[in-house]
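*Asks:* Pasting a predicted model and its sequence here:
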Amino acid sequence: MISRRLIRTDLNLLVVLQILLEEHNVTRAAERLSVSQPAMSRTLQRLRDTFEDELFTRTAHGLVPTPRAEELRRELPDLLENIEHVLGDSDFSPDTYAGSFKLLMPPILCESLLPSLMAELSVIAPLVQIMMAEVPPNFEELLRKGEADFAAFVSLETERDIHAEPIAAIAPRCYMRVGHPLEDKQMDLHDFLAYPHLRLYLPGLARGNTSMVDDVLGEYGVLRTIVLETTQFSSAVGVLTRTDSLLVANAGFQESGLYHERILGQELPAELQSMIHNTHSPNRGKMSLMRHTRTSRSAPHQWMRALLMKLLTSSPVAEEPTTPV
């Protein structure tokens with residue numbers, strides 16, 4: 001039964017409260033809602049009257065939620081998702097959907113994902129727009145604010161409102177230019193270590209980390225020579241094609257139309273594969289596709305999530321992406 005209190009309550013206030021909880025600032029919340037600051041202040045007073053609580057206290061660092069507001073922070077996302085589901089997702093169809101998605105991904109993933117993603121969208125969802133950007137340090141906050149829809153990154157520890165879905169790992173291979181001295185040789189560990197190496201990594205992780213391969217080699221007192229560390233996959237491939245350097249990366253790069261005539265991949269030396277199998281590395285961080293709980297019941301977001309996971313499972317991901325030493 002619908003109570004008289006609910007009948008008298010403006011449910012738009014819940015949206016305002018959620019944005020205030022995300023921004024901790026009246027001015028920024030007003031900008032997101034396209035209203036004036038005085039109007040926002042009046043709405044905040046209405047919220048206080050409705051909940052019979054101050055909800056926020058002002059400090060030099062912005063609005064600080066009261067205990068009651070913290071309770072509402074935990075309840076509101078699911079409630080607003082349910083309302084959005086009731087209002088608009090039931091008739092979703094990819095071929096007529098004209099929305100946009102903002103994805104945050106490292107260049108390593110963009111290089112392999114974008115061509116496949118855009119090719120598939122051109123056939124099944126031609127009106128969808130994709131906005132792709134690199135993963136900034138505050139990507140979780142962007143997901144909360146709705147300023148990004150998905151982020152792919154190494155999932156270390158995330159807050160409870162961020163869903164992290166592991167991307168299936170693809171076994172690494174050793175890449176080299178076509179015509180490399182090792183092209184027609186069954187490579188052993190001595191061959192692997194005899195040449196300089198390139199290493200791909202993700203910005204934003206602790207600089208004390210090394211890569212999984214280097215962790216494993218270090219356990220056996222062995223080092224490889226790293227001559228270039230970069231976040232840019234295309235730059236690494238450019239160097240690979242013009243030098244005798246080697247690059248350890250997950251399988252699939254040579255299948256790209258841009259690279260299949262320029263680089264080739266071999267299995268890692270059997271000795272190294274055995275070492276990896278028998279050694280624990282703290283840098284075997286799993287790459288995950290992350291999203292905020294508010295999109296859990298959004299039909300467009302669930303459709304895009306499934307498409308991204310399908311493509312990312314078959315796309316190459318750089319060898320245990322971490323920072324250089």
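*Replies:* Structure's in. What do you need?
*Asks:* Just the residues contacting stretch 240-249, thanks.
*Replies:* For stretch 240-249, contacts defined as C-beta atoms under 8 Å, 6 or more residues apart in numbering pick out 172-178, 180-182, 192, 195-200, 211, 213, 227-228, 236-237, 239, 262-263, 268, 316, 318-319. Yep, even glycine has a C-beta here, placed from its N, CA and C like the rest.
*Asks:* What about these, which are in strands?
*Replies:* 172-177, 197-200, 227-228, 263 (DSSP state E).
*Asks:* Save the residues you listed as CSV, and put in distance to Leu55, pLDDT and neighbour count too.
*Replies:* Below are the ones in strands among the contacts of stretch 240-249 laid out as CSV (distance: C-beta to C-beta, whole Å; pLDDT from 0 to 100; neighbours: other C-beta atoms under 10 Å):
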residue, distance to Leu55, pLDDT, neighbour count
Pro172, 51, 80, 25
Arg173, 55, 86, 20
Cys174, 57, 92, 23
Tyr175, 56, 92, 25
Met176, 61, 94, 23
Arg177, 62, 94, 19
His197, 55, 97, 20
Leu198, 53, 95, 21
Arg199, 49, 90, 26
Leu200, 46, 84, 27
Val227, 56, 96, 13
Leu228, 53, 94, 17
Ile263, 58, 90, 20
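*Asks:* can I get these in JSON lines with distance to Phe56?
*Replies:* Compiled in JSON lines, those are given as follows (distance: C-beta to C-beta, whole Å):
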{"residue": "Pro172", "distance to Phe56": "49"}
{"residue": "Arg173", "distance to Phe56": "54"}
{"residue": "Cys174", "distance to Phe56": "56"}
{"residue": "Tyr175", "distance to Phe56": "54"}
{"residue": "Met176", "distance to Phe56": "59"}
{"residue": "Arg177", "distance to Phe56": "60"}
{"residue": "His197", "distance to Phe56": "53"}
{"residue": "Leu198", "distance to Phe56": "50"}
{"residue": "Arg199", "distance to Phe56": "47"}
{"residue": "Leu200", "distance to Phe56": "44"}
{"residue": "Val227", "distance to Phe56": "54"}
{"residue": "Leu228", "distance to Phe56": "50"}
{"residue": "Ile263", "distance to Phe56": "56"}
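*Asks:* Could you list the low-pLDDT ranges of the stretch 151-300 of the chain?
*Replies:* For the stretch 151-300 of the chain, residues meeting the criterion pLDDT under 70 lie at 155-158, 168-170, 203-210, 251-258, 280-286.
*Asks:* Could you give the bridge partners of the nearest residue to Gln266 once chain neighbours are set aside?
*Replies:* In this structure, Gln266 finds its nearest non-sequential neighbour in Cys174, 5.2 Å apart by C-beta to C-beta, 6 or more residues apart in numbering. For Cys174, the beta-bridge partners under DSSP bridges are Val248, Gln266.
*Asks:* Next up, the contacts around Cys174.
*Replies:* Cys174 touches 187, 192, 246-248, 265-269, counting by C-beta under 8 Å, 6+ apart.
*Asks:* which among the ones in strands among the contacts of stretch 240-249 gets closest to Gly146?
*Replies:* Each of these was scored against Gly146 by C-beta to C-beta, and Leu200 proved nearest at 30.5 Å.
*Asks:* Distance of that closest one relative to Leu308?
*Replies:* Distance, Leu200 to Leu308, by C-beta to C-beta, to the nearest Å: 21 Å.
*Asks:* go on, Arg224?
*Replies:* 33 Å.
*Asks:* the more surrounded of those two?
*Replies:* Leu308 (23 against 20; other C-beta atoms under 10 Å).
*Asks:* hang on, that one in a helix?
*Replies:* Yes: the assignment for Leu308 (DSSP: H, G, I helix; E, B strand; the rest coil) places it in a helix.
*Asks:* residues near the residue nearest to Thr225 when sequence neighbours are not counted, how many?
*Replies:* Computed as C-beta to C-beta, 6+ apart, the closest residue to Thr225 that is not its neighbour in sequence is Pro196, at 4.9 Å. By the criterion of other C-beta under 10 Å, Pro196 has 14 neighbours.
*Asks:* Sweet, I'm off.
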